[in-house]
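The sequence and its predicted three-dimensional model are supplied below.
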Amino acid sequence: MSNIARILQDSRIIAIVGMSDKPERASHEVADYLLRHGYRVLPVNPALAGRDVLGQRAYATLTQAAATVAPARIDIVDCFRKSEDILPIAEEAIAVKAGCLWLQLDVINEQAAQLARAAGLDVVMDHCTKIEHRKLAVAA
């Protein structure tokens, strides 16, 4: 089993950093897909904090989102942000003891990846959770 397959199969709670409330945005589409496939989605976007997106309460920070699922943890921190914005997200993912730092398509930050790996997180870069989940469904 590939690392990506294991991560998706073992995960239940996914924080989507950079979540949009606009249906035409990739983060919104991916969140909707993940919700329909049984994942719990935690939208993280300071501009949407306190509002509901796809029926899920949005949080300003990863730390706030993580507090709502304790004692469980966030399994995947799914990042829809620019590559240069990832390092502080990786640091926060480590602080909340997330299981995986996942960088979406075209998002690559080697420094953040090294930091997350050194702290024991799985790291996936330049892959889409929705696309990878669909591949698993087709293979099953």
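Happy to help now that I have it.

which residue is nearest the centroid of the protein?
The centroid of the chain falls nearest to residue 78 when counting by Cα atoms, centre = their mean (1.9 Å).

and that residue, what is it in contact with?
14, 15, 16, 17, 30, 102, 104, 129 (Cβ atoms under 8 Å, 6 or more residues apart in numbering). (Glycine included, C-beta is placed from N, CA and C.)

Now do the helices in the chain.
3-10, 26-36, 62-67, 86-95, 110-118, 129-139 (DSSP state H).

among these, which is nearest residue 52?
Residue 52 sits nearest to helix 26-36 of all the helices of the chain, at 12.1 Å, using Cβ to Cβ.

Other residues contacting that closest one?
14, 16, 18-23, 41, 43, 53-56, 78, 80, 104, 128-130, 133.

Run through the protein and note the low-pLDDT ranges.
For the chain, the stretches flagged by pLDDT under 70 are 1, 139-140.

Turn the helices of the chain into JSON lines, columns for distance to residue 48 and mean neighbour count.
What follows is the helices of the chain, written out as JSON lines (distance: least, Cβ to Cβ, whole Å; neighbours: other Cβ atoms under 10 Å):
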{"stretch": "helix 3-10", "distance to residue 48": "25", "mean neighbour count": "15"}
{"stretch": "helix 26-36", "distance to residue 48": "11", "mean neighbour count": "18"}
{"stretch": "helix 62-67", "distance to residue 48": "12", "mean neighbour count": "19"}
{"stretch": "helix 86-95", "distance to residue 48": "16", "mean neighbour count": "20"}
{"stretch": "helix 110-118", "distance to residue 48": "23", "mean neighbour count": "16"}
{"stretch": "helix 129-139", "distance to residue 48": "19", "mean neighbour count": "14"}
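
Output the ones you listed as JSON lines; include the columns distance to residue 47.
Output for the helices of the chain, formatted as JSON lines (distance: least, Cβ to Cβ, whole Å):
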{"stretch": "helix 3-10", "distance to residue 47": "28"}
{"stretch": "helix 26-36", "distance to residue 47": "12"}
{"stretch": "helix 62-67", "distance to residue 47": "14"}
{"stretch": "helix 86-95", "distance to residue 47": "16"}
{"stretch": "helix 110-118", "distance to residue 47": "22"}
{"stretch": "helix 129-139", "distance to residue 47": "22"}
